[in-house]
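J.: how would this look folded up:
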Amino acid sequence: MKIRKSADRGYVNHGWLESYHSFSFSFSFTGYYDPAYMGYSVLRVINEDVIDVGQGFGMHPHKNMEIITYMLQGELHHEDSLGNTSVIKAGDVQCMTAGTGVVHSEFNASNTQKAHLLQIWIFPERKLLDPGYSESHFTRAQKQDCWCLIVSHDGRENSLKIHQDVSLFATILSAGHALDYTLHPDRSVYIQVAFGEVEVCGQHLLAGDALMADGAKPLTINAIVQSELLLFDLPLHGTIDIFQQ
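T.: The predicted structure is shown next:
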């Protein structure tokens with residue numbers, strides 16, 4: 001079991017954008033490089049972004065990556081080369097298969113409120129997939145004090161489908177509430193605290209903190225205050241880089 005504290009993440013401030021990087025990509029891409037944190041299992045990027053009013057990312061390309069956007073607050077306008085145009089809001093989850101190549105833009109759609117989101121990149125099961133796009137809204141009631149499956153390999157339980165053996169759960173825990181999760185021997189888990197304060201198997205985690213664990217372990221998450229978390233059930237740790245295959 002390993003803890004990744006919020007303060008130890010990479011941080012960049014471009015004025016219009018504040019971004020916290022759980023994993024390092026390259027110095028030229030983010031200004032943050034740490035070879036000790038290049039990913040976890042098939043997780044490649046978890047960026048916590050806060051985008052100012054009227055600001056965002058112009059058209060830019062992606063390839064050979066499964067990209068998930070989890071909206072925490074505000075609104076984000078998305079447009080891509082597949083012809084998709086949408087505004088995603090708090091509670092919405094967006095999945096994009098970059099595959100052979102996608103160009104897209106993301107801008108804060110609000111005139112008054114900053115956009116706060118988690119952008120997640122996951123290595124796909126194979127390269128050069130056909131590009132794809134999907135989104136869905138998950139209500140507070142669906143996530144309240146339970147594990148709500150939001151993304152999966154097979155799209156079960158009305159989750160969004162991605163091309164990798166990953167199950168991504170979200171929960172909003174009431175203060176004083178506890179949730180259990182049992183990790184199988186051939187799996188790893190990555191827990192990201194979006195908001196709040198929790199205790200996981202004796203480890204104290206605050207907003208922005210994360211916990212990584214491998215193998216068969218029963219995990220108990222206790223909410224000290226109302227908290228929102230993401231839990232990734234992943235192939236057993238050992239970063240899988242399809243570009244090296």
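J.: Show me the beta-bridge partners of Ser227.
T.: Leu173 (DSSP bridges).
J.: what does Val93 give?
T.: Residues in a beta bridge with Val93, per DSSP bridges, are Tyr70, Ser136.
J.: Can you get me a residue count around it?
T.: Val93: 22 surrounding residues under other C-beta atoms under 10 Å. In this view, the C-beta of every residue, glycine as well, is placed from N, C-alpha and C.
J.: Is Val189 located within a strand, as I assumed?
T.: Yes - under DSSP: H, G, I helix; E, B strand; the rest coil, Val189 sits within a strand.
J.: From Val198, how far out is it?
T.: Going from Val189 to Val198 by C-beta to C-beta, to the nearest Å gives 14 Å.
J.: Could you do Leu82 as well?
T.: Going from Leu82 to Val198 by C-beta to C-beta gives 37 Å.
J.: try His21
T.: Distance of His21 to Val198, given as C-beta to C-beta: 22 Å.
J.: With neighbour numbers in mind, choose between those two.
T.: Set His21 next to Val198 and count neighbours by other C-beta under 10 Å: Val198 wins out with 25 against 22.
J.: And the pLDDT for the more buried one?
T.: The model reports Val198 with a pLDDT of 98.
J.: ok, it - contacts?
T.: Applying C-beta atoms under 8 Å, 6 or more residues apart in numbering to Val198 gives the contacts Leu173, His204, Leu205, Ile221, Asn222, Ala223, Ile224, Ser227, Leu229.
J.: Also Glu199?
T.: Leu205, Ile221, Asn222, Ile224.
J.: Kindly recompute the last result at 7 Å.
T.: When contacts are counted by C-beta atoms under 7 Å, 6 or more residues apart in numbering, Glu199 is found next to Asn222, Ile224.
J.: Report the secondary structure state of it.
T.: Assigned by three-state DSSP, the conformation of Glu199 is strand.
J.: Tell me which stretches of the protein form helices.
T.: Secondary structure of the chain (DSSP state H): helices at 27-30, 140-143.
J.: Worst mean pLDDT among those helices?
T.: helix 27-30 (a mean of 54).
J.: On the pLDDT front, check the closest residue in space to Lys63 that isn't next to it in sequence for me.
T.: Counting by C-beta to C-beta, 6 or more residues apart in numbering, Gly101 is the residue found nearest to Lys63 once chain neighbours are left out, at 4.8 Å. Looking at Gly101, its pLDDT is 98.
J.: Least confident secondary structure element in this structure?
T.: The weakest-scoring helix or strand in the chain, judged by mean pLDDT, DSSP states H and E, is helix 27-30 (a mean of 54).
J.: that older thread, which of the contacts of Val198 ranks first by neighbour count?
T.: The most crowded member of those, judged by other C-beta under 10 Å, is Leu229 (26 neighbours).
J.: mind checking how far it is from His177?
T.: Look at Leu229 and His177: by C-beta to C-beta, they are 12 Å apart.
J.: where does this protein dip in pLDDT?
T.: Along the chain, segments meeting pLDDT under 70 span 26-30, 238-245.
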